[in-house]
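**Student:** quick one: sequence plus predicted model below, questions after.
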Amino acid sequence: MMQGALHPQPAQHAAQAAPQASRPVVVKPHSLFDDVYGITVGVLFVAMGVLLLQAAGLITGGVAGISLLASYLTGQSVGMLFMLINLPFFLFGYLFMGARFTIKSLIGSMLIMAMLKLMPSGLVIGHVHPMVAALGGGTFCGMGILALARHGAGVGGTGIVTLWLQKKYAINAGRTQVLIDGVILLAALSVVAPELVGWSSLSAIAISSMVMAWHRPGRYFGN
């Protein structure tokens, strides 16, 4: 009797341990301060990355790359084309990702455009090798996209579609972005020097690699 009381049967141990093993993990939603700080950091990263890429004359992926190509062909303002091309993507985001995601993405995109106008007056990049611009700029942009995604926002354009595919069907956003950027860069060969397109490909890989490595399915969509 004493031995049985002192040494519970294995079934009793399992019964006692089961509630602890099945205890759900409580994930606290992002606070307003978390979102403001995270989106601000993401905007700064993206703006720095774009400045590096622009300084080397490289092309970016996504809607920014499409806008650059369209501006070369039509002579229209890149900023105006960026906004026009982005409109259907923001509508898609509103319909399938929700109003909160779309509002955050709009704010983030507007801040990025504002930073790109203001930063050159305080930061002038005299010279940067295309390889440094591709790797550094691509990594900065990738970190910025990651920060925005973790706080329920996107930089607009194709990024909204890739995040929706990951959230809905668990298709890795980085891999999808690589495919989209590949099509854009192939189209750029008819407009931009092949050497610059080659360096731009490296920047696109750097951007998407950050998202593939750190943005896992079902996580960091914000609350």
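**Tutor:** Happy to help now that I have it. Numbering: from 1, shown residues only.
**Student:** when you work out contacts or count neighbours from here on, use the C-alpha atoms and nothing else.
**Tutor:** Will do.
**Student:** what's the neighbour count on residue 151?
**Tutor:** 25 (other C-alpha atoms under 10 Å).
**Student:** should've said residue 35
**Tutor:** Other residues close to residue 35 by other C-alpha under 10 Å number 21.
**Student:** the one 4 residues further on now?
**Tutor:** Residues within reach of residue 39, counting by other C-alpha under 10 Å, total 28.
**Student:** find the nearest non-adjacent residue to it, please.
**Tutor:** Excluding its sequence neighbours, the residue lying closest to residue 39 (C-alpha to C-alpha, 6 or more residues apart in numbering) is residue 148, at 5.2 Å.
**Student:** ok, that neighbour - contacts?
**Tutor:** 38, 39, 42, 43, 108, 154, 155 (C-alpha atoms under 8 Å, 6 or more residues apart in numbering).
**Student:** for the chain, which spans come out with low pLDDT?
**Tutor:** 1-28, 77-79, 213-223 (pLDDT under 70).
**Student:** where do the helices sit along it?
**Tutor:** 2-6, 10-21, 32-55, 62-74, 78-96, 99-118, 130-132, 138-150, 158-169, 173-188, 194-214 (DSSP state H).
**Student:** just put those in JSON lines and tack on distance to residue 124.
**Tutor:** Listed next are the helices of the chain as JSON lines, based on distance: least, C-alpha to C-alpha, whole Å:
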{"stretch": "helix 2-6", "distance to residue 124": "75"}
{"stretch": "helix 10-21", "distance to residue 124": "56"}
{"stretch": "helix 32-55", "distance to residue 124": "9"}
{"stretch": "helix 62-74", "distance to residue 124": "21"}
{"stretch": "helix 78-96", "distance to residue 124": "20"}
{"stretch": "helix 99-118", "distance to residue 124": "11"}
{"stretch": "helix 130-132", "distance to residue 124": "16"}
{"stretch": "helix 138-150", "distance to residue 124": "17"}
{"stretch": "helix 158-169", "distance to residue 124": "28"}
{"stretch": "helix 173-188", "distance to residue 124": "27"}
{"stretch": "helix 194-214", "distance to residue 124": "21"}
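**Student:** and among those helices, the most buried is which?
**Tutor:** helix 138-150 (a mean of 27; mean count of other C-alpha atoms under 10 Å).
**Student:** contacts for stretch 113-127, please.
**Tutor:** Residues outside stretch 113-127 that contact it (C-alpha under 8 Å, 6+ apart) are 44, 47, 51, 52, 55, 56.
**Student:** farthest pair within the residues you listed?
**Tutor:** 44 and 56 (18.9 Å; C-alpha to C-alpha).
**Student:** from residue 147, how far out is residue 41?
**Tutor:** To residue 147, residue 41 is 7 Å away according to C-alpha to C-alpha, to the nearest Å.
**Student:** swap in residue 117?
**Tutor:** Applying C-alpha to C-alpha to residue 117 and residue 147 gives a distance of 21 Å.
**Student:** thanks a lot, see you next time.
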